[in-house]
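Novice: coords below, sequence missing:
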């Protein structure tokens, strides 16, 4: 939709109908072809609305997944740090073979 603009406000009407405008036009026009075209246009508006709603739902789901993955990466980094600390502690411990035997000699 191209509007001829001069300043912040347009003094020209847009070259487009809203869904409500099409339904009002359908109530005025009486020819069979006009009614069929208006029904097709209303169906297109309905399909567009459904697409927009599903797109928003999809965008919301993607955002939820991003937040979940972000939380998981933080938790995984904490787990990796804890595992590395345990492994370093294990390396510093003496093995059973290096320890002095206890008991009677």
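Specialist: That came through fine. Note that this is a predicted model, so its numbers are computed, not measured. Numbering: from 1, shown residues only.

Novice: The helix or strand containing residue 59 packs against which elements?
Specialist: Using DSSP states H and E, residue 59 falls within helix 32-92. Other helices and strands packing on helix 32-92, by 3 or more Cβ pairs under 8 Å, 6 or more residues apart in numbering; DSSP states H and E, are helix 19-28. Just so you know, the C-beta spots here come from the backbone N, C-alpha and C atoms, and that holds for glycine as well.

Novice: what's the burial count for residue 48?
Specialist: Residues lying near residue 48 (other Cβ atoms under 10 Å) number 11.

Novice: need the contact list for it.
Specialist: By Cβ atoms under 8 Å, 6 or more residues apart in numbering, residue 48 lies in contact with nothing.

Novice: Let's see the pLDDT reported for it.
Specialist: Confidence at residue 48, expressed as pLDDT, is 84.

Novice: That one and residue 38, how far apart?
Specialist: For residue 48, the distance to residue 38 equals 15 Å [Cβ to Cβ, to the nearest Å].

Novice: Nice, that's everything, thank you.
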